[in-house]
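A.B. asks: After the sequence you'll find the predicted model.
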Amino acid sequence: MTLREENSRRSKMFKPPPLLWDRMAKRIQPAEMDTIKTRIGEELIDSNAELHEEILGISEILHEVNEKNEGLKREADEKLKSESLESRALRNEIKKHLVSLSIKHGCECTLKGISSIMGELSETENGIVSYACSDNYSNVVNTPR
């Protein structure tokens, strides 16, 4: 599990514990409530409640940010997949043209074979032919002579 996945899991799981005062108030007799509240300090109880609300708000923001990031990651992954499909389609289209060219001139559909037909290739043309011929399953296509 990556750090990002772990942080996402933790933020989804994080819920601050109930306030101590709220848990105590359930067990205190109503007649003793004011005395205990005074001894602890009402300001302290109120400040603690405010901080608890801030923690809840920050936790919600973190959860929303993580959900948004996960959505963006999914979108990016899909975009990369589609670009990969487009790249493969482009490579196959270039290969078709190179095979056609090599058949027409009776040579192998390799960088060397295409260079023999077209003469010295520019750096860009060399890159395009290398790219099209670089697939493992069809690095060299022998054509009839």
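C.D. replies: Cool, got the structure. Numbering: from 1, shown residues only.
A.B. asks: What distance do you get for the residue lying farthest from the centre of the chain to Gly41?
C.D. replies: Distance from the C-alpha centroid of the chain, by Cα atoms, centre = their mean, peaks at Ala31 (57.2 Å). Shown here: Ala31 relative to Gly41, a distance of 20 Å by Cβ to Cβ, to the nearest Å. (C-beta placed from N, C-alpha, C; glycine too.)
A.B. asks: got it, and Thr110?
C.D. replies: Distance from Thr110 to Gly41, by Cβ to Cβ: 84 Å.
A.B. asks: Tell me which stretches of the chain form helices.
C.D. replies: 3-13, 20-27, 33-40, 42-105, 111-118, 123-133 (DSSP state H).
A.B. asks: elements contacting the fourth one?
C.D. replies: Packed against helix 42-105 by the contact rule (3 or more Cβ pairs under 8 Å, 6 or more residues apart in numbering; DSSP states H and E) you find helix 3-13, helix 20-27, helix 111-118, helix 123-133.
A.B. asks: ok, of those helices, where does mean pLDDT dip lowest?
C.D. replies: Of all the helices and strands packed on helix 42-105, the minimum mean pLDDT falls on helix 3-13 (a mean of 61).
A.B. asks: Now that we have the helices of the chain, can you turn them into TSV and tack on mean neighbour count?
C.D. replies: As requested, those are arranged in TSV below (neighbours: other Cβ atoms under 10 Å):
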stretch	mean neighbour count
helix 3-13	12
helix 20-27	12
helix 33-40	12
helix 42-105	12
helix 111-118	16
helix 123-133	15
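A.B. asks: Low-confidence stretches in this structure?
C.D. replies: Applying pLDDT under 70 to the chain flags the ranges 1, 3-13, 83, 111, 134-145.
A.B. asks: Go again with 50.
C.D. replies: Applying pLDDT under 50 to the chain picks out residues 136-145.
A.B. asks: For it, which residue occupies the most central location?
C.D. replies: Lys73 (3.0 Å).
A.B. asks: so how far is Thr2 from that one?
C.D. replies: 11 Å.
A.B. asks: Repeat that for Ser82.
C.D. replies: 24 Å.
A.B. asks: what's the answer for Phe14, then?
C.D. replies: Plainly put, Phe14 is 18 Å away from Thr2 if you go by Cβ to Cβ.
A.B. asks: for Arg91, same thing?
C.D. replies: Taking Cβ to Cβ, one finds Arg91 at 31 Å from Thr2.
A.B. asks: Okay then, goodbye and thanks.
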